[in-house]
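> Fold the following and give me the result.
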Amino acid sequence: MPTVREIEQCLFALAPKAGAMDWDNVGQLLGDPERQVSRVCVALDITEAVADEAIAAGCELIVSHHPVMNCKWLPVQTVRSDTPQGHLLMKLLTNGVAAICMHTNLDTAKGGVNDRLTEVLKLIDPGPLPDDEAQLCRVGTLTGEMPLQEFAAYVCSALGSNGVRFSGCRPVHRVAVGGGACGDFQQLVIAAGCDTFVTSDLSYHDFLDAEWKGLNLIDAGHFPTEDPICETLVTYLTDQFPELFVFKSASHREVIQYIV
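Predicted structure coming up:
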């Protein structure tokens, strides 16, 4: 059976560590690198529910997109059972479950989060967003123009979103996508001649400003725009290590609910 270290190196072959933002924390973040692995749970986030699911399934390893610890916005200062993060980390460590997290390096990688998003939305001739130094967002086209409301409904269905927020009035043809929070790329999206941008975590003022700039915005949710990569990771690890049992978490899903 492969070790945690060997699986980490295999994942870095898919999404090189050099592709991560300088503030990010990627790779093996928890556990024994030499622990042999037979069962792997893949999830977008390592939540309490995901940890419980992995432990119940006898997993030695969880592979996630979002880092479980020590990011810019949540540095680890203590590991205590009376804090949410500490409780989760202690649960994983005491049950011998390691964690490998592939974050912004997987966003930018060929075949990663944003390439997968173009596949799910069936965009034609997808490629990097011009002048995007981070190589994060992607651009593609539809086979023909589509009314915005119809396209928003299509995005919602394709991604399995509980709902989408959108604004604009232009027909949709040239589309940029950015899984997760990519609202800062709007100017580059406009400069690339896109009429529509699919991303998440947009603010009220993002919608206001984009409307007079003539850009359609669709906020499809952080989880729905990134979760498709989990199936990619399951397939990749199964192909690379046929002896492993690899599965996608059934407990982790969109937490935001909508009433209409």
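
> now the strands: where do they sit in the chain?
Per DSSP state E, the chain carries strands over the ranges 27-30, 39-43, 61-64, 98-101, 124-128, 138-146, 165-167, 172-177, 196-199, 216-219, 245-248.

> ok, residues contacting the helix-or-strand element of the chain with minimal mean pLDDT?
Lowest on mean pLDDT, DSSP states H and E among the helices and strands of the chain sits helix 204-213, with a mean of 89. The contact list for helix 204-213, computed with Cβ atoms under 8 Å, 6 or more residues apart in numbering, reads 165, 167-168, 183, 186, 190, 197, 216-217. The way it works is simple: take the backbone N, C-alpha and C, and place the C-beta from them, glycine included.

> Not counting its neighbours along the chain, what's nearest the most centrally placed residue in the chain?
Centroid check for the chain by Cα atoms, centre = their mean gives residue 226 as the closest residue, at 3.1 Å. Nearest non-adjacent residue to residue 226, counting by Cβ to Cβ, 6 or more residues apart in numbering: residue 179, 4.5 Å away.

> Quick check: that neighbour vs residue 228, distance?
8 Å (Cβ to Cβ, to the nearest Å).

> More neighbours: those two, which one.
Shown here are residue 179 and residue 228; by other Cβ atoms under 10 Å, residue 179 has more neighbours (31 against 19).

> That one is in contact with residue 201, isn't it?
No - counting by Cβ atoms under 8 Å, residue 179 does not reach residue 201; the two are 10.7 Å apart.

> For the residue nearest to the centre of the chain, which residues are in contact?
If a contact means Cβ under 8 Å, 6+ apart, then residue 226 has 44, 65, 113, 117, 179-180 as its contacts.

> returning to what we had before: looking at the contacts of helix 204-213, which is nearest residue 84?
Nearest to residue 84 out of the contacts of helix 204-213 is residue 183 (Cβ to Cβ; 26.6 Å).

> Distance of the closest one relative to residue 198?
Residue 183 is 11 Å from residue 198, by Cβ to Cβ.

> the more surrounded of those two?
Higher neighbour count among residue 183 and residue 198: residue 198, with 31 against 20, using other Cβ under 10 Å.

> Contact partners for that one?
Residues near residue 198 by Cβ under 8 Å, 6+ apart: 117, 121, 155, 175-178, 218, 220, 225.

> For it, name its beta-bridge partners.
Beta-bridge partners for residue 198, by DSSP bridges, are residue 177, residue 218.

> Dump the contacts of residue 226 into JSON lines; add distance to residue 210 and pLDDT as well.
Shown next, in JSON lines, are the contacts of residue 226 (distance: Cβ to Cβ, whole Å; pLDDT from 0 to 100):
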{"residue": "44", "distance to residue 210": "26", "pLDDT": "98"}
{"residue": "65", "distance to residue 210": "27", "pLDDT": "97"}
{"residue": "113", "distance to residue 210": "22", "pLDDT": "97"}
{"residue": "117", "distance to residue 210": "19", "pLDDT": "98"}
{"residue": "179", "distance to residue 210": "18", "pLDDT": "97"}
{"residue": "180", "distance to residue 210": "18", "pLDDT": "95"}
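
> buried subset of the residues you listed?
Applying 16 or more other Cβ atoms under 10 Å to the contacts of residue 226, the neighbour count classes 44, 65, 113, 117, 179-180 as buried.

> With distance to residue 30 added, can I get these in TSV?
Formatted as TSV, the buried ones among the contacts of residue 226 follow (distance: Cβ to Cβ, whole Å):
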residue	distance to residue 30
44	17
65	15
113	22
117	28
179	24
180	22
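
> Which one of those residues is nearest to residue 99?
Distance to residue 99 across those (Cβ to Cβ) is lowest for residue 65, with 11.6 Å.
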